[in-house]
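# no sequence on this one, just coordinates:
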Ligand code: BGC
């Protein structure tokens with residue numbers, strides 16, 4: 001129903017919208033194309049490799065969901081850009097040349113990929129932005145509530161500083177890649193919690209979300225502030241938190257200040273167990289990946305009601321308005337809820353986390 005409503009609104013507004021350079025994302029390129037059956041190919045483009053989530057969770061879940069939904073007749077074509085926008089452009093071009101039926105795109109650079117999104121659209125291939133909101137005429141967006149991720153990180157940091165909270169406490173903020181719109185949302189959410197309550201003494205953006213660059217940022221911040229004057233570190237994700245811990249250890253810090261993260265990477269969960277990292281954000285990958293796979297298959301198969309029910313939220317990108325979306329909720333992961341989150345969802349077994357090096361720490365927090 002909503003899609004019909006938007007189409008009507010869009011056609012009556014077509015001229016003014018085109019005049020100011022804003023296009024509606026409704027009126028999908030598939031509307032005029034006959035719906036397809038089960039013999040379909042879903043192109044999956046992931047952004048980088050330093051983070052384990054893409055190869056370990058996102059892609060395998062998407063792949064198996066596509067297979068299940070198509071009685072094992074549908075397949076997925078996968079490419080990971082390794083953090084390089086030019087590589088992703090070439091990978092997307094190949095998928096267009098291969099005539100995949102739909103593309104799930106997790107953009108390295110949401111702006112730079114815009115021309116490729118248009119190309120896919122012209123070739124009749126719908127594009128669903130996955131996790132990061134790509135610019136251009138995308139058909140839908142499936143992600144987590146990214147501002148909430150930042151809020152959860154900010155709140156947890158304040159909670160970790162607890163009764164000792166003082167607005168002159170010096171916090172180092174290590175944000176993600178400036179080409180990833182999620183990084184700006186994480187930062188916005190975190191600052192909404194932290195501003196006025198602590199002092200953000202040093203703040204960095206981190207190209208390609210590189211853990212090595214995050215480590216270098218932290219080393220620089222320690223040089224400026226002194227190793228004993230860092231009350232807490234906001235790290236936008238777990239992989240960078242790993243680099244930050246290395247920098248603190250190299251400077252001679254033995255008891256880590258509270259450090260945030262996100263993604264619930266196994267090494268981060270182990271750092272949480274041992275007290276080297278305060279928290280992560282658990283983003284239930286199956287919810288995001290299954291929703292995206294379902295929306296992709298429904299879109300190419302012309303099952304509009306299902307597609308609409310999967311994308312009831314609505315977001316705007318810098319180029320397009322009212323993009324049908326699904327934004328999945330997230331939860332803080334600390335040493336107190338490992339069992340109820342990543343273990344309960346089957347992401348890790350207790351034995352994956354509590355390897356011999358972590359046995360004692362696991363029993364100390366009752367994780368068994
Ligand atoms: C994702 C995070 C991830 C980061 C680096 C973000 O867009 O939402 O989960 O840690 O990219 O890959």
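Received the coordinates, thanks. None of these values were measured; they are calculated from a predicted model.
# Just the buried positions in stretch 133-146, please.
Neighbour-count burial for stretch 133-146, with 16 or more other CB atoms under 10 Å as criterion, is recorded at 133-146. To be clear about C-beta, it is placed using only N, CA and C from the backbone, and glycine gets the same treatment.
# so does that stretch get close to the ligand?
No - shown here: stretch 133-146 not in contact with the ligand (CB under 6 Å from any ligand atom), separated by at least 6.6 Å.
# just to revisit the earlier point, how about the buried residues of stretch 133-146 in a markdown table, adding distance to residue 55, secondary structure and pLDDT?
A markdown table is the format used below for the buried residues of stretch 133-146 (distance: CB to CB, whole Å; DSSP: H, G, I helix; E, B strand; the rest coil; pLDDT from 0 to 100):
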| residue | distance to residue 55 | secondary structure | pLDDT |
| --- | --- | --- | --- |
| 133 | 22 | coil | 98 |
| 134 | 20 | coil | 98 |
| 135 | 25 | coil | 98 |
| 136 | 26 | coil | 98 |
| 137 | 28 | coil | 98 |
| 138 | 23 | coil | 98 |
| 139 | 25 | coil | 98 |
| 140 | 23 | strand | 98 |
| 141 | 22 | strand | 98 |
| 142 | 19 | strand | 98 |
| 143 | 19 | strand | 98 |
| 144 | 18 | strand | 98 |
| 145 | 24 | coil | 97 |
| 146 | 21 | helix | 97 |
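# Please identify which of those is nearest to residue 56.
Proximity of these to residue 56 (CB to CB) peaks at residue 144, which lies at 16.7 Å.
# can you pull the contacts of that closest one?
Residues in contact with residue 144 (CB atoms under 8 Å, 6 or more residues apart in numbering) are 131, 283, 288, 327-330.
# top of those by neighbour count?
Among the contacts of residue 144, residue 131 has the most neighbours (other CB atoms under 10 Å), with 26 neighbours.
# one step back: okay, the buried residues of stretch 133-146 in CSV with distance to residue 109 next?
Output for the buried residues of stretch 133-146, formatted as CSV (distance: CB to CB, whole Å):
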residue, distance to residue 109
133, 12
134, 9
135, 9
136, 12
137, 17
138, 15
139, 20
140, 20
141, 16
142, 19
143, 16
144, 20
145, 22
146, 17
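# Please identify which helix or strand holds residue 241.
Assigned by DSSP states H and E, residue 241 belongs to helix 238-250.
# Does anything pack onto that helix? Which helices or strands?
helix 211-225, strand 232-235, helix 266-274 (3 or more CB pairs under 8 Å, 6 or more residues apart in numbering; DSSP states H and E).
# I figured residue 245 was touching residue 261, is that so?
No - assessed by CB atoms under 8 Å, residue 245 is found out of contact with residue 261, at 10.0 Å.
# These two: who's more crowded?
Set side by side, residue 245 and residue 261 show more neighbours around residue 261, with 30 against 24, by other CB under 10 Å.
# Tell me who's in contact with the more buried one.
Residue 261 makes contacts with 153, 235-238, 240-241, 268, 277, 279-281, as judged by CB under 8 Å, 6+ apart.
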